[in-house]
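Chemist: here is the input, now give the coordinates:
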Amino acid sequence: MSAGADRAWRIVEDDLSGAAIRALLEVHFAGMLANSPAGSCHFLDFDGLRSDGVTFWSIHKDDALAGCGALKMLGGAHGEIKSMRTAQVFLRQGVAARMLVHIIDEARGRGLDRLSLETGSGPAFEPALALYRAHGFEDCEPFGDYKPDPFSRFMTRRL
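Modeler: Model prediction:
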């Protein structure tokens, strides 16, 4: 990929006020609920994504919204990845990998030494699990306030 092609991508801190990001998050919420029971869905709603200790970013290619992701501070030197989503028209174009690298770099820059995540366990989540494994995440026990759940997978990595 040429340097010019890379410059087409930008990641910005997002206040969730735009219609496009809100629509993408609505798709994200619906997707989680379609693939896991409601009691096993742990996504942050709009208020949760705006709460203290959470930083939310959107990723754009040129002027088009391509995806999003967030970092939630858990206390100490531990952070959690939240709300990773790629817009349908940008699937398999490296959006999630770019956002994941951004979040990892941001976590390191904040002095975190561990980054963890919770995601679903069914077939719909296999692409996400493969992405996280490719970036050094390994399965772990539930962390924070999570409890064991057959519909959840927990992963972590040292930074």
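Chemist: going forward, measure contacts between C-alpha atoms and count neighbours the same way
Modeler: Noted.
Chemist: my guess is Ile21 contacts Leu65. True?
Modeler: Yes - when contacts are counted by C-alpha atoms under 8 Å, Ile21 is listed as touching Leu65 (7.3 Å).
Chemist: helices and strands around the longest strand along the chain, which ones?
Modeler: Counting residues, the longest strand found in the chain (DSSP state E) is strand 64-75. Other helices and strands packing on strand 64-75, by 3 or more C-alpha pairs under 8 Å, 6 or more residues apart in numbering; DSSP states H and E, are helix 19-35, strand 54-61, strand 78-86, helix 95-109.
Chemist: of all these, which lies closest to Glu126?
Modeler: Proximity to Glu126 (C-alpha to C-alpha) singles out helix 19-35 among the helices and strands packed on strand 64-75, at 11.9 Å.
Chemist: just checking the distance from the following helix or strand past the closest one to the centre of its chain.
Modeler: Sequence-wise, the next helix or strand downstream of helix 19-35 (DSSP states H and E) is helix 46-49. What separates the centre of helix 46-49 from the centre of its chain is 14 Å, taken as C-alpha atoms, centre = their mean, to the nearest Å.
Chemist: just the buried positions in helix 46-49, please.
Modeler: Neighbour counts using 16 or more other C-alpha atoms under 10 Å place Leu49 of helix 46-49 among the buried residues.
Chemist: show me what the residue lying closest to Leu74 once chain neighbours are set aside is bridged to.
Modeler: Using C-alpha to C-alpha, 6 or more residues apart in numbering and skipping residues adjacent in sequence, the residue nearest Leu74 is Glu80, 6.7 Å away. Assessed by DSSP bridges, Glu80 has beta-bridge partners Lys72, Ser116.
Chemist: can you pull the pLDDT of Glu80?
Modeler: Looking at Glu80, its pLDDT reads 98.
Chemist: so how far is Gly111 from it?
Modeler: To Gly111, Glu80 is 14 Å away according to C-alpha to C-alpha, to the nearest Å.
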